[in-house]
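Participant: my questions are about this predicted structure, shown below with the sequence.
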Amino acid sequence: MTQVSEEIIGRMIDGTSSWEELSGVMRGDKEPDRFRKYVAVLQARVPWAERILLPLAAHLYIVQKRDGARVVKCDCGHEFGDYRQNWKLEALIRVRDSAATIDELYPHFMGCNPEWMELREYFCPGCTTQLEVEAVPPGYPIVFSFLPDLEAFYRDWLNEPL
């Protein structure tokens, strides 16, 4: 089994891996410590010291604070609150719900029909990085994308206590 180094993982995150390198990683077996390496690369890139427990999305993590609280945090350090609550409720939101705002992204007639769908863009209040986009019917509640069972993940998949 070929070991994937933290340097290779870093290039994969940055999107700078060659196709040969990337396809080799995809075809190869996943070594048992890959998640730990991935988190180590992410941890080295953020300016704060709290432990990353689980990446949620690009630029978003569940972290363990010194007092034991588990919160959603952005690369910049902005905290969205308890990971069991929907972080999007604390984000800046731009709703594209008209042909004019949708046409900014898509050529005319190639975007969604604003009578049937709106695009919601979620941004970090700390650094204004775009964190997620939802395409939903108008008036649809904000989607809570993911609530991981951290204890089970660490216990059953990583075989270590949280």
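Facilitator: Nice, I can see it.
Participant: do I have it right that Phe153 meets Ile62?
Facilitator: No. Between Phe153 and Ile62 there is no contact under Cβ atoms under 8 Å: 10.3 Å. Using the backbone N, CA and C atoms, a C-beta is placed for each residue, glycine as well.
Participant: which of the two has more neighbours?
Facilitator: Taking neighbours as other Cβ atoms under 10 Å, Phe153 and Ile62 compare with Ile62 leading, 21 against 14.
Participant: show residues contacting stretch 124-136.
Facilitator: With Cβ atoms under 8 Å, 6 or more residues apart in numbering as the test, stretch 124-136 has contacts from 57-60, 74-78, 88, 90-92, 112, 117-123, 142-143, 145.
Participant: ok, of the residues you listed, which come out buried?
Facilitator: Buried members of the contacts of stretch 124-136, scored by 16 or more other Cβ atoms under 10 Å, are 59-60, 74-75, 78, 88, 91, 112, 117-123.
Participant: of these, the lowest pLDDT goes to which?
Facilitator: Lowest-confidence member of these: Cys112, scoring 75 (pLDDT).
Participant: run a quick neighbour tally on the residue lying closest to Gly77 once chain neighbours are set aside.
Facilitator: Excluding its sequence neighbours, the residue lying closest to Gly77 (Cβ to Cβ, 6 or more residues apart in numbering) is Trp48, at 5.0 Å. When neighbours are counted by other Cβ under 10 Å, Trp48 registers 16.
Participant: kindly report the same for the one 4 residues further on.
Facilitator: Ile52 is flanked by 18 other residues according to other Cβ under 10 Å.
Participant: near the nearest residue to it once chain neighbours are set aside, how many other residues are there?
Facilitator: In space, and not counting its chain neighbours, Ile52 is closest to Tyr61: 4.7 Å by Cβ to Cβ, 6+ apart. Tyr61 has 23 neighbouring residues, counting by other Cβ under 10 Å.
Participant: report the contact partners of Tyr61.
Facilitator: By Cβ under 8 Å, 6+ apart, the residues touching Tyr61 are 42, 46, 52-55, 72-73.
Participant: so how do I select the buried members of the residues you listed in PyMOL?
Facilitator: Filtering the contacts of Tyr61 down to the buried ones (16+ other Cβ under 10 Å) takes a single PyMOL command:
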select buried, resi 42+46+52+53+54+72+73
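Participant: my guess is the residue nearest to Gly77 meets Lys73, correct?
Facilitator: Yes. Assessed by Cβ under 8 Å, Trp48 is found in contact with Lys73 at 7.2 Å.
Participant: can you work out which residues contact both of those two?
Facilitator: In contact with both Trp48 and Lys73: Val63, using Cβ under 8 Å, 6+ apart.
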